[in-house]
Each structure stands twice: as C-alpha cells, then as structure tokens.
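**Student:** need a structure here:
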Amino acid sequence: MRSYFDALLRYFEFSGRSSRGQYWLFQLCYVLLQAGSFYADYRLNGRFPDRHNPGLFSTFVIFFHLVPQITVTVRRLHDIGKSGWWYLLLFVPLAGLLVFVWTFYGSEDGAKDYGDDPRNGPSRPSPAPASYRGVRTGNVQPRLAMRAEGQSISTQRFI
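**Tutor:** Residues are numbered from 1 along each chain as shown. Below you'll find the model as predicted:
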C-alpha cells in the first residue's frame, strides 16, 4: 500500500525513480481497485461496464489513475537508465511490449542521472504532515511559534 500511496503523492512528478517493487505494487492496487469498481458498477446497474457503456465507478478509477500510471511508468524507466520519452512506445503497435518487458528489469545501482536509488530509501524527502509547524496553513499558532523562535515567516512554505 505504501508504494501505491507514494505514486499518488507524486501525482505529477516525472523526475526521480521508482523501483520494480513500487511499480508493480502500484499496478496491483490499481487492478484491485478496478475490479472493485467493476463490481460496484455491476451492483449499481445490473451489468458489468463495457466499452460503450462505462460505469460511474470504473470511469472514476480510470481517470483518477491516468496521470499516476504515466508518471510511475516514466519513473520506472528512469530507474533502469532509460529516458522517460521511451514511454511513447506504448502508442506504437507491438512496440509497447518492449516497455512492458523493461518494467521487469532490475534497478541500476547507486545514484544515476535520474536520482537516488529508490531501494536505499526515498529519492526525495518524505512529505511532512499538514500539522508540521513549518508549514503555514493560515493558522495563527505557527506564526506565533515562528516569531518566538526568531524565524522569518516569509521563508516558510505556504499551503
């Protein structure tokens, strides 16, 4: 589940790397959610969704995961030392099989052109929780705490 949520947290992030395990666990969670949405559509409409009559839940799952599917695949290509532009092979008949085979390749060792090795920890700092006092969310409490510690308010992130 952590790999799935990592891909969702990095929704529009094409840079960096995703390990083989992260990629395939994200795909597994997506397939399970898609199967659940098909079942929910079946219970709602009395039939399984098809190409001409997509169901409400399955349409939502597909569109919600469209961008993360692309970004996690691009990061997976980065992990094996390939450019993310190789993703465009998926639009060429039968050439997409090459991208599918590449997703099974092992990670390159160490930090490379595309970032740190994802097997040795996250390739970026883990996101801080929203209650982190360095993040300004419009609440007066963090501002008072920053002033008391002598920090400048303008240097802090604002959400």
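
**Student:** show me what the longest helix seen in the chain is packed against.
**Tutor:** Assignment by DSSP state H gives helix 20-45 as the longest helix of the chain. Packing partners of helix 20-45 (3 or more CB pairs under 8 Å, 6 or more residues apart in numbering; DSSP states H and E): helix 2-9, helix 56-64, helix 66-79. Placement of C-beta: from N, CA and C, glycine included.

**Student:** quick one: buried residues of that helix?
**Tutor:** 20, 22-27, 29-30, 33, 37-38, 40-41 (16 or more other CB atoms under 10 Å).

**Student:** for stretch 57-72, same thing?
**Tutor:** In stretch 57-72, counting by 16+ other CB under 10 Å, buried: Phe57, Ser58, Val61, Ile62, His65, Pro68, Thr71, Val72.

**Student:** identify the residues contacting the last one.
**Tutor:** Taking CB atoms under 8 Å, 6 or more residues apart in numbering as the contact definition, Val72 lies against Ala7, Arg10, Ser18, Gln22, Tyr23, Phe26.

**Student:** distance of the closest residue to the third one other than its chain neighbours relative to Leu94?
**Tutor:** With sequence-adjacent residues excluded and distances taken as CB to CB, 6 or more residues apart in numbering, Ser18 is closest to Arg75, at 3.8 Å. Here the distance between Arg75 and Leu94 works out to 24 Å (CB to CB, to the nearest Å).

**Student:** between those two, which one's more packed in?
**Tutor:** Arg75 (26 against 7; other CB atoms under 10 Å).

**Student:** next one: Arg47 from Trp86, what distance?
**Tutor:** Taken as CB to CB, the span from Arg47 to Trp86 is 38 Å.

**Student:** cool, and Ser15?
**Tutor:** Taking CB to CB, one finds Ser15 at 15 Å from Trp86.

**Student:** looking at those two, which is more packed in?
**Tutor:** Set Ser15 next to Trp86 and count neighbours by other CB under 10 Å: Trp86 wins out with 17 against 14.

**Student:** correct me if wrong: that one contacts Arg76.
**Tutor:** No. Trp86 lies out of contact with Arg76 (CB atoms under 8 Å); the separation is 10.3 Å.

**Student:** find residues that contact each of these two.
**Tutor:** Trp102.

**Student:** leaving out chain neighbours, which residue sits closest to Gln34?
**Tutor:** With sequence-adjacent residues excluded and distances taken as CB to CB, 6+ apart, Gln34 is closest to Val61, at 5.5 Å.
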